[in-house]
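Colleague: what shape does this take:
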Amino acid sequence: MVLSLRIAVADDHPDMREYYQEVLPRLGHRVVVAASNGCELVEQCQTAEPDLIISDINMPEMDGVTAVATLCRERRIPVIFVSANQHWDLSVCAELGVVLGRVDKPIKLSELQLMIARALSYVEPEGKAV
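Modeller: Residues are numbered from 1 along each chain as shown. Sure thing, here's the model as predicted:
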């Protein structure tokens, strides 16, 4: 049996949020947060308690890195960053200890599936991050 994850997504582009809301349920997961910026991501994740965060890096009001750093101070949540910037340095977030990697835009479904599979090893059967 494949574990179904509760996933928070954040992207300032509505078409990307729609993509996640369409694709992730087909992969057996549930989108519990669909935020348009880092501030919304932080606010909504505090009540939704997702198992995984998929976040764009560059967003208005608060970027994805700052939002994730804020959230992970309270609770370790595995994170997949998404970026159109091919030169983004993932080591900037190494101290978070929960970053699974980065997927480049445009997103390839197979790459996203691989990263989500990695996230499953960080989540206990009850759905809480370890």
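
Colleague: residues near residue 50, how many?
Modeller: 24 (other C-beta atoms under 10 Å). C-beta coordinates here come from the backbone N, C-alpha and C atoms, glycine included.

Colleague: phi, psi for the residue nearest to it when sequence neighbours are not counted please.
Modeller: Nearest residue to residue 50, sequence neighbours excluded (C-beta to C-beta, 6 or more residues apart in numbering): residue 8, at 3.9 Å. Here is the backbone geometry of residue 8 (degrees, to the nearest 10): phi -100, psi 130.

Colleague: now do the contacts for the residue nearest the centre of the chain.
Modeller: The residue lying closest to the centre of the chain (C-alpha atoms, centre = their mean) is residue 54, at 1.6 Å. Neighbour list for residue 54: 7-10, 20, 79-80, 82, 112 [criterion: C-beta atoms under 8 Å, 6 or more residues apart in numbering].

Colleague: looking at these, spot the one nearest residue 64.
Modeller: Of all the contacts of residue 54, residue 64 sits closest to residue 10, with 6.1 Å by C-beta to C-beta.

Colleague: hey, what's the closest one bridged with?
Modeller: Per DSSP bridges, the residues bridged to residue 10 are residue 35, residue 55.

Colleague: what does residue 82 give?
Modeller: Judged by DSSP bridges, the bridge partners of residue 82 are residue 56, residue 103.

Colleague: pull out the buried residues from the least confident helix or strand in the chain by mean pLDDT.
Modeller: Sorted by mean pLDDT, DSSP states H and E, the helices and strands of the chain end with strand 99-104, the least confident at a mean of 80. By 16 or more other C-beta atoms under 10 Å, the buried positions in strand 99-104 come out as 99-100, 102-103.

Colleague: got a markdown table for these, with distance to residue 41 too?
Modeller: Shown next, in a markdown table, are the buried residues of strand 99-104 (distance: C-beta to C-beta, whole Å):
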| residue | distance to residue 41 |
| --- | --- |
| 99 | 15 |
| 100 | 17 |
| 102 | 17 |
| 103 | 17 |
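
Colleague: remind me what the least confident helix or strand of the chain packs against, helices and strands.
Modeller: For strand 99-104, the elements it packs on are strand 79-83, helix 109-120, judged by 3 or more C-beta pairs under 8 Å, 6 or more residues apart in numbering; DSSP states H and E.

Colleague: with that, I have no additional questions.
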